[in-house]
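Asks: Below: sequence and its predicted model.
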Amino acid sequence: MRFMRKWLLMVCGLLLAVSSMMPLTAHAADQKWINQVWNDYKAYNKKTVNAYNNYQKQIDKQYKQFYDASHASLDQLEKTLLDDQKLWNEKLEADLEQLKAKYEGNRDIQDKLREYAREINPTSMRSSMWKYVSEAKRHYMSSTLWKLDKEMSDTYLNSMMWTYKKTITPTYLNSAAWKMSKNVNEHYLNSPMWKLKNGSNAHYLNSPIWKYKKGQISKSAAKSQYSKLFKTQTAALSKSNAALKQQITAMASGTEKKLGELYADSVKSLEAQREETLSRISKLRAEITGEGFTWEPLLIKE
């Protein structure tokens, strides 16, 4: 009996020792805590994605407002120039007919009249009026208005507006908006949200929650590892998106500033060309009749 009793005690001792060395089983895991980790992740994901979507809507709206306002200004500038050219063309054509009738047969004036006729002709290459008309043509390559129009176009490669638009477009590879969209995308490989999702998932191999559920680590170790993972990935996401937002803000304000300066320079250039054109035509008329024209600035009011 003593031998049997000693043997039983030894076996029980061995069983207790082995059981103390065995990891936690799946049944012993705190499923409530595991579920809470996953629910907390889903709540963080929803909050973060919603914030990103709202931000994207905001920058899209800001871009559209700037785009629409810029093109409205361009359209109005073009209309002002076209209306002015129409008035002067009609006035100069009528004046030429009067001068022809008045000086008909006067050979001394004919050369000046021909020069005057050429200078007021908007289709005569390099004439004074042609220069004014050409600089104010949106589709005449390298004209003042053409350059302004192209910089305002978001489809013209490398223009100011194109560069701004691609920066805020989440489908444009490696743009700031694209990087932001990937940071919050739980399906994008190695993004902060992808890492956080997998780290929160009890079914993802070697995640802290998976190792705890499989009994490989204790709950306290799982909590410690997960806490570190959560802080690291949320901080990485926050830091990256904050920097990308600064990049977008700088792009928006920089583009608005540069396009505003280009618009102002274009207005000055067009006003200067108009002044040069009318001065040349007025001088020619004064050489013929002794009297030129008078006019007021069109675009820049003194």
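Replies: It's in.
Asks: which residues touch Lys258?
Replies: Lys258 is in contact with Met160, counting by C-beta atoms under 8 Å, 6 or more residues apart in numbering. C-beta: built from backbone N, CA, C; applies to glycine.
Asks: From Met129, how far off is it?
Replies: From Lys258 across to Met129, the span is 32 Å (C-beta to C-beta, to the nearest Å).
Asks: Ok, Gln247 next?
Replies: When distances are taken as C-beta to C-beta, Gln247 and Met129 turn out to be 46 Å apart.
Asks: quick one, which of those two is more surrounded?
Replies: The residue with more neighbours, out of Gln247 and Met129 and counting by other C-beta atoms under 10 Å, is Met129; that gives 22 against 16.
Asks: Isn't the more buried one up against Arg280?
Replies: No. At 9.2 Å, Met129 does not count as touching Arg280 under the criterion of C-beta atoms under 8 Å.
Asks: Just say helix, strand or coil for Thr155.
Replies: The three-state label for Thr155, taken from DSSP: H, G, I helix; E, B strand; the rest coil, comes out as coil.
Asks: Please name the nearest non-neighbouring residue to it.
Replies: Excluding the flanking residues, the one nearest Thr155 by C-beta to C-beta, 6 or more residues apart in numbering is Trp162, at 6.7 Å.
Asks: Verify the contact between Arg138 and Trp146 for me.
Replies: Yes. Under the contact definition of C-beta under 8 Å, Arg138 touches Trp146, with a separation of 6.1 Å.
Asks: Please tell me how far the closest residue to Phe293 other than its chain neighbours sits from Trp194.
Replies: Closest residue to Phe293 in three dimensions, ignoring its sequence neighbours and counting by C-beta to C-beta, 6+ apart: Ser282, at 4.4 Å. Distance of Ser282 to Trp194, given as C-beta to C-beta: 71 Å.
Asks: Likewise for Phe293?
Replies: Going from Phe293 to Trp194 by C-beta to C-beta gives 72 Å.
Asks: who has more neighbours, those two?
Replies: With other C-beta under 10 Å as the criterion, Phe293 and Trp194 differ in neighbour count, and Trp194 comes out ahead with 18 against 15.
Asks: can you give me the helices in the stretch 151-300 of the chain?
Replies: Across the stretch 151-300 of the chain, reading from the start of the chain, the helices by DSSP state H, counting those that start in this stretch fall at 160-167, 176-183, 192-199, 208-213, 219-289.
Asks: And those: which comes nearest Ala101?
Replies: Closest approach to Ala101 among the helices of the stretch 151-300 of the chain is made by helix 219-289 (12.8 Å; C-beta to C-beta).
Asks: Okay, angle between the closest one and helix 160-167 too, please.
Replies: Comparing the axes of helix 219-289 and helix 160-167 via axes from the mean of the first three to the mean of the last three C-alpha atoms, to 10 degrees yields an angle of 170 degrees.
Asks: and Pro23, what pLDDT?
Replies: The model reports Pro23 with a pLDDT of 45.
Asks: how many other residues sit next to Ile109?
Replies: A count of nearby residues for Ile109, using other C-beta under 10 Å, gives 18.
Asks: what sits against it?
Replies: If a contact means C-beta under 8 Å, 6+ apart, then Ile109 has Tyr103, Ile288 as its contacts.
Asks: give me the element it is part of.
Replies: Here Ile109 is covered by helix 107-119, with elements defined by DSSP states H and E.
Asks: which parts of that helix are buried?
Replies: If you call a residue buried by 16 or more other C-beta atoms under 10 Å, then helix 107-119 has these buried ones: Ile109, Lys112, Leu113, Tyr116, Ala117, Arg118, Glu119.
Asks: and these as a markdown table, adding pLDDT?
Replies: Output for the buried residues of helix 107-119, formatted as a markdown table (pLDDT from 0 to 100):
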| residue | pLDDT |
| --- | --- |
| Ile109 | 94 |
| Lys112 | 96 |
| Leu113 | 97 |
| Tyr116 | 98 |
| Ala117 | 98 |
| Arg118 | 98 |
| Glu119 | 98 |
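Asks: Quickly name whichever of these is closest to Ser73.
Replies: Closest approach between these and Ser73, by C-beta to C-beta: Glu119, at 30.8 Å.
Asks: Need the nearest residue in space to that closest one, chain neighbours excluded.
Replies: Counting by C-beta to C-beta, 6+ apart, the residue nearest Glu119 is Ser128, at 4.5 Å.
Asks: Thanks again, I'm all set now.
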